[in-house]
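[1] Build the 3D model from these lines:
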Amino acid sequence: SREDDLRVVVLSGAGGRAFVGGADINHMLTMKSSEDGRTFLTQIHKLCQAIRDCPVPVICRLEGYTLGAGLEVAAACDLRIAADNAHFGMPEVKVGLPSVVEAALLPRLIGWGRTSRLLLTAETIDAAKAEAWGLVEEVVPPGQLDAAVERLVAAIVDAGPQAVRAQKRLMRRWERLPLDEAVQAGIDAMAQSVTTGEHLERMGAFANRKRSV
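    Numbers count the residues shown, from 1 in each chain. So this is what the prediction gives:
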């Protein structure tokens, strides 16, 4: 994410069976102390925070099962596109643990009621329901998943690179600010963006295209 020419990141699972099928149960069985649990969860949080701190949009490509920590990683991404064979769940309470860390992002995506349903019942939902709930932005057949991701990538790459980075920074600030302060943060971000000159180049190119039509 330190590369100045980086425009977008796509996260994908290693195969079609799962994006991330949850934490390693065998590893979790070795955890006996509160410090063991804290260390394990801190590692997951650092991964999710790195995604959220990435200066460019992160798209999550989802196929198969996305469970537990996998769903937390997906929630940390900016955009999520799923194949229609995808399934989502937070099964932690079934194995005697609460869902934590970036599960805290879920109410912002799907609301408190649906978050309660996922976390308290350990229900697994399909891709259609995930889209209806707002957990993913788009659902397509598996054979069309890469093309759908590429369309999003192309749209982001076609936008002003500095503007996209500024927009992501601003959206992160909006999460933490009261409405009045969020509005002012947007004004400040726009004022700063004007100084880059990126809008002059892009608006000029747009005006020239209109004149040539």
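[2] contacts, neighbours, all on C-alpha from now
    OK.
[3] can you count the residues close to Glu137?
    14 (other CA atoms under 10 Å).
[4] nope, Met90 is what I meant
    Neighbours of Met90 (other CA under 10 Å): 28.
[5] how near is it to Gly68?
    Plainly put, Met90 is 5 Å away from Gly68 if you go by CA to CA, to the nearest Å.
[6] Which neighbours do those two have in common?
    Ser99 (CA atoms under 8 Å, 6 or more residues apart in numbering).
[7] residues in contact with Ala103?
    Counted by CA under 8 Å, 6+ apart, Ala103 has contacts Leu71, Glu72, Ala75.
[8] and whichever strand or helix holds the first one, what does it pack onto?
    So that's Leu71. Assessed by DSSP states H and E, Leu71 sits inside helix 69-76. Helix 69-76 makes packing contacts with strand 18-20, helix 34-53 when contacts are defined by 3 or more CA pairs under 8 Å, 6 or more residues apart in numbering; DSSP states H and E.
[9] The first one packs against which elements?
    Contact here means 3+ CA pairs under 8 Å, 6+ apart; on that basis strand 18-20 packs against strand 58-62, strand 65-67, helix 69-76.
[10] now for these, which one comes closest to Leu200?
    Closest of the helices and strands packed on strand 18-20 to Leu200 is strand 58-62, at 26.8 Å (criterion: CA to CA).
[11] what angle separates the closest one from helix 69-76?
    140 degrees (axes from the mean of the first three to the mean of the last three CA atoms, to 10 degrees).
[12] Just give the strands next to strand 58-62 in its sheet, each with its orientation.
    strand 9-12 (parallel), strand 79-83 (parallel) (DSSP bridges).
[13] Pull the residues that contact the helix holding Leu71.
    Contacts for helix 69-76 (CA under 8 Å, 6+ apart): 19-23, 44, 47-49, 51-52, 60, 80, 88-90, 101-103, 105-106, 109, 135.
[14] just the buried members of those residues?
    19-22, 44, 48, 51-52, 60, 80, 88-90, 102-103, 106, 135 (16 or more other CA atoms under 10 Å).
[15] since we're on Arg202, how many residues are nearby?
    Count around Arg202 with other CA under 10 Å applied: 13.
[16] Run through the residues that contact the nearest residue to Ala122 once chain neighbours are set aside.
    Spatial nearest neighbour of Ala122, excluding adjacent residues (CA to CA, 6 or more residues apart in numbering): Pro91 at 4.4 Å. For Pro91, the contact set (CA under 8 Å, 6+ apart) comprises Leu67, Gly68, Leu119, Thr121, Ala122, Glu123, Thr124.
[17] right, so the strands paired with strand 58-62: which one is the most enclosed?
    strand 79-83 (a mean of 24; mean count of other CA atoms under 10 Å).
[18] Include mean pLDDT when you put the helices and strands packed on helix 69-76 into TSV, please.
    As requested, the helices and strands packed on helix 69-76 are arranged in TSV below (pLDDT from 0 to 100):
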stretch	mean pLDDT
strand 18-20	81
helix 34-53	93
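[19] for the ones you listed, which one sits closest to Val10?
    helix 34-53 (10.6 Å).
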